[in-house]
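got a predicted structure here, sequence first:
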Amino acid sequence: MTRVGHWAKGARAGRSLFPVLALCALLAALPMTGARARDPAFLTFGAGSFDMNGGDTTATLSLEYTHDKRLFWEFKPMGGLMATLDGAFYVYGGLAVDIFLGQRFVLTPSFAPGLYLEGGGKDLGHVVEFRSSVKLAYRFDNRARLGLDLYHLSNAGLANRNPGANALMLTYSMPLGPPRR
């Protein structure tokens, strides 16, 4: 492929990430609610299906930490790791934003670059992969959350091969410490 071909492919991949980043920026600009102000850091456990609409579907488990400190308006640092039962492993770090839909439901889009090792799992084309995610969770009185996480991994055109993978996970977010005031 020519240099122009690589650039064009990368530009197309960048355009596909733009709506996610624009939505996160817009949602982060929303006014802060009392519910958002009180949530602590979270440790989130997840289990579900990796590459759910591809040819290499397998079970997956994840562990994620979301800090309670906010950076860049309402974005919170987060990071985690994911492993599939066929030996793939992914570690990532990025930013998330909580959007409260009333007192009980929380929508959390996030974006994180990370490193992917395929092991015996799906070849995603590159060791660097980007994770775009949206979680919808129910929030209990103790601030714990039970939800669904839908995410996509893609190398955004860093390699000629970029099949991507989608995952759907059931998640439980355990609050760490008392709610912040």
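Looks like it came in fine.

OK, contacts around the spatially most central residue of the chain?
Centroid-nearest residue in the chain: Ser133, 3.5 Å away (criterion: C-alpha atoms, centre = their mean). Listed by C-beta atoms under 8 Å, 6 or more residues apart in numbering, the contact set of Ser133 reads 96, 108-112, 149-152. (C-beta placed from N, C-alpha, C; glycine too.)

for Tyr92, give the beta-bridge partners.
Gly80, Gly114 (DSSP bridges).

if I look at it, how far off is Leu176?
19 Å (C-beta to C-beta, to the nearest Å).

the two: which has the busier surroundings?
Tyr92 (24 against 14; other C-beta atoms under 10 Å).

just the helices in the chain please.
Using DSSP state H, the helices of the chain run over residues 3-28, 34-37.

closest to Gly125 out of the contacts of Ser133?
His152 (13.8 Å; C-beta to C-beta).

hmm, that closest one is touching Leu168, no?
No - His152 is not in contact with Leu168 according to C-beta atoms under 8 Å; the separation is 10.6 Å.

Pro109: neighbouring residues, count only.
When neighbours are counted by other C-beta under 10 Å, Pro109 comes out with 19.

excluding covalently adjacent residues, which one is nearest to Gly120?
Once flanking residues are discounted, Gly120 sits nearest to Gly87: 3.8 Å by C-beta to C-beta, 6 or more residues apart in numbering.

you'd agree the one you found is up against Gly119?
Yes - assessed by C-beta under 8 Å, Gly87 is found in contact with Gly119 at 2.8 Å.
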